[in-house]
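*Asks:* what follows is a predicted protein model with its sequence.
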Amino acid sequence: MQSIYKSLTKIVDEEFVSNQKEELYIYSQDPGMMEPHEPDFVVMPKTTEEVQEIVKLANKEKIPIVPVGGSLSLSGLVIPHQGGIVVDLRRMDQVLEVNEESRYIVFEAGLTTGKLKAYLEKYHPLLRFSIPDAPPSATVVGNIVIHGQGRLTQQYGFNSDMVTGMEVVLPTGEVCKIGSGSVSPYWFSLAPLPDLAGLFLGWFGTTGIITKMGLKLYPKKKLRDIEVFAVEDPNLVPDVIQRVTHTEMSEDIFTGAQPYPPVFKDIIMIGILLTGDSKEELEFKRKMIWDALQCHIDSKEGGFMMMTPDVKQDLLEMPTSSTTRFADVKKGGGFEYCGPIIPVEKFPEAFTRLLEITKKYGITFGNAGRVIGRSHSMMFSFGYPFNRADPENIERTKNALHDTNVASLDIGGVPWKPEVPAQKMIMEKMDKSTLELMQRIKKVLDPNGIMNPGNWEVE
Amino acid sequence: MMYDYADQIHRCFKCGYCKFSNNYTDFNCPSYNRFRFESYSTGGRLWLIWAWSKGEIEWSEHLANIVFSCAACRNCVEQCPMRFNEDIVDWIIGARSDMVEKGLIPASVGEFLDNIHKYGNPWGMPRNERDIWAEGINRYTIDDDNEYLFYVGCVGSYEKQGQQMAKSVADFLRTTGVSFGILGSDEDCDGNEVLFTGEKGLFRELADKNIEKFKELNVKKIITLSPHAYNSMKNKYGGLGEIKVYHYTQVFSEIINSNNIELSDLNIKVTYHDPCFLGRYNSIYEPPREIIKGIPGVELIEMERTRENSFCCGGGSGNFVFDLLGRSSNSPSRIRVREAYETGAELLIVSCPSCYCMLEEAIKTEGLEEKLMIKDISELVIESIKNK
Ligand SMILES: Cc1cc2nc3c(=O)[nH]c(=O)nc-3n(C[C@H](O)[C@H](O)[C@H](O)COP(=O)(O)OP(=O)(O)OC[C@H]3O[C@@H](n4cnc5c(N)ncnc54)[C@H](O)[C@@H]3O)c2cc1C
Ligand code: SF4
Ligand code: SF4
């Protein structure tokens, strides 16, 4: 082990390599509830070449290697289940190119969503990316690797649908470009080449380490506003979503429900965000949306909510810190959620299952959903705050999480960013040939099984 | 004073909001910037402290370095979205207190506290050299009818940059006809850094001694040179009764405004570094800026990270002496002077003797001496008065 440490310090400046207990402890876990496991080393490379040398070393020595972004996916996806080398990529956080005309950006893999937001606001105020509501220390690449969703997802699909190119270090050490960047100096598109990006998205770092990424940027409108439509009956939610997406007038559509404070109990809120370059544009969009929902207002089944400026500001904030504050609901620093991707019409069923599970385990919940595409699917989160200092509460929440994954699959959804146990459930249910194909691809790319082992693995 | 942390510290979610400035332009936790391992971020530190408090990890020199390398800059308090945000630094101090009590602290911190205990200053310098800079400046006595006690503090007494500052503050007070005196070799450490390194007992001792001295001398108003001293006296001492405490920038601002002091044109572009103990701890953002902007020909260009978002020089909480954040191009002081230089300013203005030492050293290390000067506000004001 000492020789590996020495080799790592030859690749990366010694102050960015650690095998000390404290770093091993911190990188053994994430803020979710999966069991921790310590790595043997933590290393923070600065360049693709350094990443390449680290991967070559790991491959030669057959040591596990785990790429880490902000460690905020909460599903233990960065826990080094079999030890080895954790590669924290956040020293690689430069923006390399912004193409204003073709609206794309190329950046290094450790760039955080917070810094990218600030960078665009400062240097390219007419452009934006699909920022998730994760804390700003999450990385853009980490979010895309798990098929994350952000503020532009309702308009343009999963954040991973916005990728225009990549540079990847393969598990065997080759550095490979994906997309137009493999042929041309411009990273504008994955098409018309075969879409090899899919070999690295949704794989949780088991097929290679992305070192650079190209991503679509979108027009940033001058004004933003929000309307919140409230209903009590979950069965109405799919219809509301249908009607609003039909107008094609909104930026982002999310749902939210929670038992506290009591004024929110039994209410499902549907947040509809609007943007415009002028007041007229904004008002036109608002009218279209109001008109689309008038029938539910007339039938008194739903209505638009009045909001204080504070609440409005909270909901418009990007990322919204109120989502993070949810982790303090139990005054316990823990928050776990399974957010299956479901067909929109499954909302009522998912909602009923959420209430059943929380009742069964006596735990509280927060539900946040986000519409993906023009009602093509939605993320429906079963979110549970828990108290890290209370083992009994942790146990109940763990059981709830298990039941949630079962329910998600039952209703025809697919657990999003699944923890290892949920991955197993998915693979059990998966078409056998598909599963075999997945395993074959993994084997071809990573013959020694060094990449984030434990994930997407058939026993 | 006891900071309870063991029952609460697990509430940190390790979400990392606290690493940033408020608009996310950059990381703003000095120790995270310096080391970049998650263990040195606020969240990482809190999680390690919790693990240590419940026996999940053992104490080590490395753990102590992580705990003591927090500069107590309060950026995390400002940025954490949780309801417990106000308690974060107190939790860290609580853990330090436990380590101090158990004798489990880094050797350099031990030496720092030892020196203060024995000599009243962190370097173990002789007490009688405290006023070596103060030729011609009166001692504060009960018999003289002085308006202010000018409390100089350790950095002002012993460090070159602090002495320069102390001289120009004294010069200004004299020039503007304000009566004041100093304690000279009778002065003791103010204790702010002692408190923030977790030595509660020694802090109380120093605070009580100072309060007693001030009362014996019938002090009514104190001007502090250092924002650190200002903070401890104003917010932490308790028992000062009617005695009023001011940072010198507050007094300057007031005197310049009310006395219509004539100032000459300096024709210079400057930027200003908010010290944590003036800014985030005491919300004193305007008086220094009013003074700077009041000098004709001075153009103030703000750095990207300013006021509540100011990036700490890395000297807080004793680090200006034991410097657990030093020796790297990622040291906060070096990052900060690069940021100051990028504004296009010719002069970096400070209002804290510790920041002055840290940042002047960093300017040299960065090879920026020819391009970026550094001065304290008081020096700038004196220059402007003398040019008239
Ligand atoms: C309060 C809160 C709100 C959230 N809101 C949202 C939301 O609105 N939308 C959303 O999509 N998510 C959300 N999330 C989930 C998650 O935090 C984000 O998706 C986040 O962006 C994940 O990024 P990360 O950098 O933390 O990834 P990590 O957790 O560090 O990594 C995720 C996975 O990607 C792999 N990986 C990381 N970097 C690389 C790389 N360079 N190459 C290959 N593999 C890599 C890791 O090994 C891991 O398997 C939220 C989380 C929290 C705590
Ligand atoms: S201190 Fe607050 S902002 Fe920082 S990691 Fe903990 S919860 Fe998040
Ligand atoms: S006080 Fe400053 S140095 Fe300490 S943890 Fe908070 S942000 Fe970091």
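*Replies:* Nice, I can see it. Ligands and ions are numbered 1, 2, ... in the order given.
*Asks:* which ones are touching residue B:232?
*Replies:* B:190, B:191, B:192, B:195, B:203, B:207 (CB atoms under 8 Å, 6 or more residues apart in numbering or on different chains). C-beta: built from backbone N, CA, C; applies to glycine.
*Asks:* filter the residues you listed down to the ones in helices?
*Replies:* B:192, B:195, B:203, B:207 (DSSP state H).
*Asks:* phi, psi of residue A:335?
*Replies:* phi -160, psi 120 (degrees, to the nearest 10).
*Asks:* for residue A:368, give the beta-bridge partners.
*Replies:* residue A:256 (DSSP bridges).
*Asks:* strand partners of the lowest-mean-pLDDT helix or strand in chain A, parallel vs antiparallel please.
*Replies:* In chain A, no helix or strand scores lower on mean pLDDT, DSSP states H and E than strand A:333-338, which sits at a mean of 90. With DSSP bridges as the test, strand A:333-338 is paired with strand A:382-387 (antiparallel).
*Asks:* now do the buried residues in whatever helix or strand comes next after the strand it pairs with.
*Replies:* Using DSSP states H and E, the helix or strand that follows strand A:382-387 in sequence is helix A:391-410. By 16 or more other CB atoms under 10 Å in any protein chain shown, the buried positions in helix A:391-410 come out as A:393-394, A:396-398, A:400-405, A:407-409.
*Asks:* give the contact list for the residue lying farthest from the centre of chain B.
*Replies:* Largest separation from the mean C-alpha position in chain B: residue B:56, at 34.1 Å (CA atoms, centre = their mean). Contact analysis of residue B:56 by CB under 8 Å, 6+ apart lists residue A:25.
*Asks:* now name the helix or strand holding it.
*Replies:* When the helices and strands are read off by DSSP H and E, none of them contains residue B:56.
*Asks:* so what touches the least confident helix or strand of chain A?
*Replies:* A:31-33, A:74, A:326-327, A:381-389, A:394, A:397, A:401, A:404-405, A:408, A:415-416, A:418, A:422, B:10-14.
*Asks:* do any residues in stretch B:47-66 lie close to ligand 3?
*Replies:* No: Stretch B:47-66 lies out of reach of ligand 3 by CB under 6 Å from any ligand atom, never closer than 10.1 Å.
*Asks:* mind checking the SS state of whichever residue of the stretch 51-200 of chain B sits closest to ligand 1?
*Replies:* As assessed by CB to the nearest ligand atom, ligand 1 sits closest to residue B:81 within the stretch 51-200 of chain B, at 9.8 Å. Classification of residue B:81 using DSSP: H, G, I helix; E, B strand; the rest coil returns coil.
*Asks:* ok, the residue nearest the centre of chain A - contacts?
*Replies:* In chain A, the C-alpha nearest the mean C-alpha coordinate belongs to residue A:148, at 3.1 Å (CA atoms, centre = their mean). When contacts are counted by CB under 8 Å, 6+ apart, residue A:148 touches A:132, A:134, A:158, A:159, A:160.
*Asks:* tell me the one of those nearest chain B?
*Replies:* Closest approach to chain B among these (CB to the nearest CB): residue A:134, at 8.6 Å.
*Asks:* can I assume the closest one sits in a helix?
*Replies:* No: assigned with three-state DSSP, residue A:134 falls outside any helix and is coil.
*Asks:* that one contacts residue A:70, doesn't it?
*Replies:* Yes: using CB atoms under 8 Å, residue A:134 and residue A:70 qualify as a contacting pair, with a distance of 7.3 Å.
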